[in-house]
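> I would like to see how this sequence folds:
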Amino acid sequence: PAAAAPRPALANPSGTPGAFLPDARFGEARRVHKVALSPDDAVLAAGGLDGAIYLWDLASRMKVATLRNREHLRTGYGSLTGALAFSEDGAWLAAGHFDGAVYLWDVAAGLELDVRLHHDGAVTGLAFVPPGQTLITAGADATVRFYELPALLRRDARRVLRRQPDAATCLALGKAGRAVITGHAKGALRVHDTADCRLVATLHGHRTPVAAVSARGSLVASGGRDGAVRLHDLDTRELLGMHQEHGRGVTEVLVLPGGAQVASVAGDDTIVIWDRRQPEAPIVLPGVPGDPFVALAVSSDGGRIVGASAGGRFHLLSAVLHP
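Here you go, the predicted structure:
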């Protein structure tokens with residue numbers, strides 16, 4: 001792993017409320033597409049073009065494990081990672097791939113669970129519903145699937161399937177796990193109740209496919225292929241704000257703890273942090289020119305953001321604390 005790099009200059013002063021300062025940079029020369037941070041903020045999972053999942057210890061910034069699924073071991077290569085999610089206790093990691101396969105990993109043992117889950121198209125979203133008893137997957141085959149984790153651990157892959165009007169492109173949990181939100185190719189957000197798998201709302205507004213979605217409490221942020229980022233309230237269905245700071249399609253969006261800020265990346269070398277309290281003054285954090293950011297993760301307390309670049313670098317950003 002590379003040593004921590006010097007801090008680049010920020011586009012915003014450190015005195016700005018909600019500002020983040022570069023802390024460290026690490027990684028290796030390997031293409032990254034998706035990342036996920038364990039619930040205890042200790043382990044960063046990263047998946048990319050080769051289908052393998054790499055686990056990094058965030059404290060030491062060292063790679064601690066490489067997970068290769070059965071297809072990867074059999075053929076020597078794997079499918080691009082489309083989604084990653086940890087269970088609430090961090091014991092399990094789910095990985096979805098563009099060939100439609102979903103794999104479950106025992107994180108501590110580094111072992112793949114012998115159960116076969118599959119979409120008829122790319123897997124674009126995953127989530128474990130607290131307290132970790134349900135796994136939800138979404139795919140380009142226009143389906144959202146609900147699996148009971150205890151049954152999966154017994155190798156029982158029966159599921160509840162909800163067909164969608166068009167391809168699901170991303171997925172997030174909201175309302176403390178009571179709602180699952182999927183973004184779609186025709187620009188809608190669809191909200192299902194996780195208890196009974198019932199559709200409860202459809203939100204419109206994106207003019208292009210929804211490429212990324214994130215939720216925290218009743219807030220849901222979404223990013224479009226046209227670079228637009230929108231923030232809705234799930235309870236009132238109200239649009240709370242939006243911005244078009246990105247010149248490219250959004251690849252990741254995160255509602256940060258507290259709900260006032262939304263971080264996003266869009267395949268260029270900046271992270272944009274938009275604050276709905278100061279919508280005209282977004283924070284822009286630069287990375288490395290020529291190595292675009294593609295994915296984000298945030299610590300449970302909101303004190304750290306991990307920005308993952310396509311080239312395999314992980315940028316740690318720490319929140320500026322004001323007295």
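> So in this structure, where's the weakest helix or strand by average pLDDT?
When each helix and strand of the chain is scored by mean pLDDT, DSSP states H and E, helix 70-75 comes last, with a mean of 88.
> Can you name the next helix or strand after that helix?
Where DSSP states H and E defines the elements, the next helix or strand beyond helix 70-75 is strand 81-86.
> contacting residues around the following helix or strand past that next one?
The C-terminal neighbour of strand 81-86 among helices and strands, as given by DSSP H and E, is strand 92-97. The contact list for strand 92-97 (Cβ atoms under 8 Å, 6 or more residues apart in numbering) reads 36, 45, 47, 51, 53, 67, 69, 78-87, 102-107, 113, 119, 122-126, 128, 132, 135, 137, 139, 149. Yep, even glycine has a C-beta here, placed from its N, CA and C like the rest.
> G290: what's it in contact with?
If you count contacts by Cβ under 8 Å, 6+ apart, then G290 has D269 around it.
> how far away is it from V298?
25 Å (Cβ to Cβ, to the nearest Å).
> Quote the end-to-end distance of stretch 66-82.
Stretch 66-82 has its terminal residues 17 Å apart, counting by Cα to Cα, to the nearest Å.
> same question but for stretch 244-253, I mixed them up
13 Å.
> quick one: buried residues of that stretch?
Across stretch 244-253, burial judged by 16 or more other Cβ atoms under 10 Å covers 245-246, 249-253.
> for this structure, which spans come out with low pLDDT?
By pLDDT under 70, the low-scoring segments of the chain are 1-18, 321-323.
> Go again with 50.
Across the chain, the ranges flagged by pLDDT under 50 are 1-15, 322-323.
> how about the helices of it, start to end?
Along the chain, the segments classed as helices by DSSP state H run 70-75, 149-153.
> Just name the most buried of those helices.
Highest mean neighbour count of those: helix 149-153, a mean of 16 (counted as mean count of other Cβ atoms under 10 Å).
> which outside residues touch that one?
Taking Cβ under 8 Å, 6+ apart as the rule, helix 149-153 contacts 87, 92, 104, 113, 115, 117, 128, 132-135, 157-158.
> same check, this time on stretch 229-237
With Cβ under 8 Å, 6+ apart, stretch 229-237 has contacts from 174-175, 179, 181, 189, 191, 201, 203, 205-206, 215, 218-224, 238-246, 250, 253, 255, 262, 264, 272, 274, 276.
> now swap in stretch 121-128 and tell me
With Cβ under 8 Å, 6+ apart as the test, stretch 121-128 has contacts from 82-88, 92, 94-102, 134-142, 149, 167-173, 180, 182, 213.
> mind running it again at 6 Å?
Contacts with stretch 121-128, where a contact means Cβ atoms under 6 Å, 6 or more residues apart in numbering, come from 82-83, 85, 87, 94, 96-98, 100, 102, 135-141, 168-171, 173.
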